[in-house]
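> everything below, folded, please.
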Amino acid sequence: MRRPRVLFFAESVTTSQVVRLVSLARALPGDEYDVHFASAAFDPLVFGGAAFVRHSVHSLPPETVAARVRSGRRIYGKAELSRYVAEDRTILDRVKPDLLIGDFRLSLPVSAALARVPFASLINAYWSPHAVRASFPMPEHPVVRLLGVRLAEEHFPKALPFVFSHFARPVNDLRRAHGLPPLGTLPDVLTAGDHCLYADTPGLVPTEGAPANHVYLGPVHWSPDLPLPSEVQRWTDTEEPVVYVTLGSSGSAAALPVVLAALGELPVRALVSTAGRPPPARVPSNVVVAPYVPGHLAARLASVVVSNGGSSTSYQALAEGRPVLGIAENLDQYLAMTAIQKQGSGILLRSGTLTPDGVRRGVESLLGDRRHRDRARAVAAEFRAFPYAERFRAFVRGALAGAARGVRGAAVGTIAAVALFLCLPPRVARAEAPSTNEIRFGMSVASADGHVLCALFRRAGWLEKPVQWKKVAVRKGQVECVFSGVEPGVYALSAIHDENDNGKLDTNFLGIPTESWCTSRDAPAFFGPPSFDAAKFQYRGSVMRLRSSLR
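Numbering: from 1, shown residues only. As a prediction, this is how the structure comes out:
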């Protein structure tokens with residue numbers, strides 16, 4: 001009898017994207033599943049002893065990705081993603097998986113849909129369009145160096161909808177070229193799939209209004225199978241506190257010398273992992289440096305962990321009940337560390353303005369303030385309630401059961417099976433499966449005043465006679481309008497934020513709107529309302545999620 005075949009597809013832009021999938025793949029029993037793994041490289045440190053069937057694929061070099069992120073450019077263009085889709089489909093045709101799991105390979109929502117393979121996207125919940133947040137943090141970006149942090153943070157929220165649309169455009173253009181509907185902006189692209197798996201817990205990164213096919217797995221951990229350095233193993237009886245430092249493969253390279261300068265002045269012992277990067281030129285006498293260390297053991301030994309703020313090391317530290325000093329550079333690291341700092345279990349520092357004095361004060365605060373340790377232990381307790389390996393095995397069983405019934409995405413059979421196996425917390429288990437043939441139109445809203453009025457149109461009734469309309473209250477800065485029982489066809493959407501609840505879009509004496517509005521595809525307006533053709537999209541049935549930005 002053929003075992004269910006599960007294909008893990010990694011985009012090797014950072015170590016994190018690969019090792020998280022490796023941890024999930026190792027969680028599947030080899031006698032029950034035929035496990036395949038596609039990646040650009042197979043480092044023995046990561047894949048040692050794994051019995052996966054391996055498939056080599058192309059990924060952009062990590063240094064290319066890092067350079068593009070630092071300069072604020074898009075990581076992928078349409079041509080690069082087209083090459084990815086062609087290669088994805090070659091692997092999918094060869095493997096013929098029953099289930100596909102991906103992490104940050106943006107071509108997979110296209111490839112899986114064309115190959116008709118059920119696809120689950122692994123992502124952190126702080127990237128979700130349903131994440132509960134007041135705002136997005138300002139990452140290190142050329143504009144920060146130009147304007148300074150304060151001015152950049154002031155203007156960033158206004159520019160962010162356009163930035164997210166800009167980064168998602170190559171994916172959406174590629175989908176249109178293949179006859180698939182666009183997904184929305186960057187958070188929609190990152191969470192796209194028949195299933196979305198959050199490598200988080202709802203207490204640390206809550207979401208609201210997420211569909212039932214979005215599942216919290218819990219943090220996915222990985223450590224290399226190595227011992228601690230022999231000198232460090234003798235630190236178990238030291239009276240001096242231990243600090244574990246790693247900025248990973250994607251942290252700021254310029255930050256490590258600053259951290260070492262600060263630690264050299266403190267009465268601590270420090271263990272530094274360079275994650276394979278060149279060792280620092282100057283190392284204080286109280287610091288031991290190694291290329292790789294078992295992160296969970298290093299965190300367990302330490303009183304404080306210094307990371308790049310990203311989820312990999314930071315969550316590993318929290319799992320051991322250790323507070324985190326996060327030195328963030330890119331937006332992913334800022335999002336993770338913002339959530340940790342909000343919980344009181346860590347301190348966020350900007351890599352672009354890092355000083356030895358700032359690092360020293362941060363470490364001293366985490367060592368001296370018991371509240372940080374108590375909050376880290378509380379997060380650790382929640383992490384233990386979300387064992388990712390068990391929950392992932394349960395998810396796979398449920399997803400395969402749903403696929404065997406011929407049902408995709410947030411199907412009732414899949415949701416029931418997943419909820420049963422995972423023993424989901426009540427707030428997640430009670431989530432209702434979306435109705436058949438739904439269009440969900442979401443957006444962020446700056447003010448809680450009034451309501452948002454959404455309307456679904458055919459061409460003939462554009463902006464005059466809607467097929468359906470909804471009036472929705474604003475909840476924690478988010479709105480989602482749900483149109484049910486929609487027949488397949490070509491549609492466009494509009495929304496207005498009716499702040500004074502007078503049932504219309506207010507304008508000034510020139511006819512310029514004084515209340516926020518938007519349309520599907522963020523269609524532009526030139527001396528009049530957007531055209532239907534600029535806002536239209538093809539709806540093919542099932543559940544479709546779109547997001548736009550009120551302006």
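> just checking, Tyr198 touches Ser128?
Yes - assessed by Cβ atoms under 8 Å, Tyr198 is found in contact with Ser128 at 7.0 Å. C-beta here means a position set from N, CA and C on the backbone, and glycine is covered the same way.
> neighbour count winner among those two?
Remark: of Tyr198 and Ser128, Tyr198 carries more neighbours, 27 against 24, as counted by other Cβ atoms under 10 Å.
> so what's that one closest to, chain neighbours aside?
Once flanking residues are discounted, Tyr198 sits nearest to Ala125: 4.0 Å by Cβ to Cβ, 6 or more residues apart in numbering.
> what about stretch 225-234, how long is it end to end?
End-to-end span of stretch 225-234 (Cα to Cα, to the nearest Å): 19 Å.
> likewise stretch 274-282?
So stretch 274-282: terminal residues 13 Å apart, Cα to Cα.
> in it, what's buried?
Buried positions in stretch 274-282, judged by neighbour count with 16 or more other Cβ atoms under 10 Å: Thr274, Ala275, Pro280.
> all strands for the stretch 51-200 of the chain, in order.
53-56, 99-103, 119-123, 195-198 (DSSP state E, counting those that start in this stretch).
> which of the buried residues of stretch 274-282 fall within strands?
Among these, no member is found in strands (DSSP state E).
> ok, these vs Ala159, which is closest?
Ranked by distance to Ala159 (Cβ to Cβ), the buried residues of stretch 274-282 are led by Ala275 at 31.8 Å.
> in contact with the closest one, which residues?
The contact partners of Ala275, by Cβ atoms under 8 Å, 6 or more residues apart in numbering, come to Thr15, Thr246, Leu247, Gly248, Ser249, Pro291, Tyr292.
> in helices, which of the residues you listed fall?
Judged by DSSP state H, the contacts of Ala275 include Thr15 as members of helices.
> which residues in the stretch 301-450 of the chain form helices?
Along the stretch 301-450 of the chain, counting by DSSP state H, counting those that start in this stretch, helices occupy 311-319, 331-342, 356-368, 370-384, 388-404, 412-422, 426-429.
> pLDDT below threshold where in the stretch 51-200 of the chain?
Low-confidence segments of the stretch 51-200 of the chain (pLDDT under 70): 142-147, 152, 155-157.
> can you give me the helices for it?
Remark: helices assigned in the stretch 51-200 of the chain by DSSP H, counting those that start in this stretch are 62-71, 78-95, 108-115, 142-147, 149-177, 186-190.
> what about the stretch 451-551 of the chain, any weak spots by pLDDT?
509-511, 526-528.
> can you show me the strands along it?
Using DSSP E, counting those that start in this stretch, strands in the stretch 451-551 of the chain cover 451-457, 468-473, 478-484, 489-498, 517-519, 537-539, 543-547.
> let's have the ones you listed in TSV, adding distance to Val22 and mean neighbour count.
Formatted as TSV, the strands of the stretch 451-551 of the chain follow (distance: least, Cβ to Cβ, whole Å; neighbours: other Cβ atoms under 10 Å):
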stretch	distance to Val22	mean neighbour count
strand 451-457	42	23
strand 468-473	42	15
strand 478-484	34	20
strand 489-498	40	21
strand 517-519	41	23
strand 537-539	37	17
strand 543-547	29	22
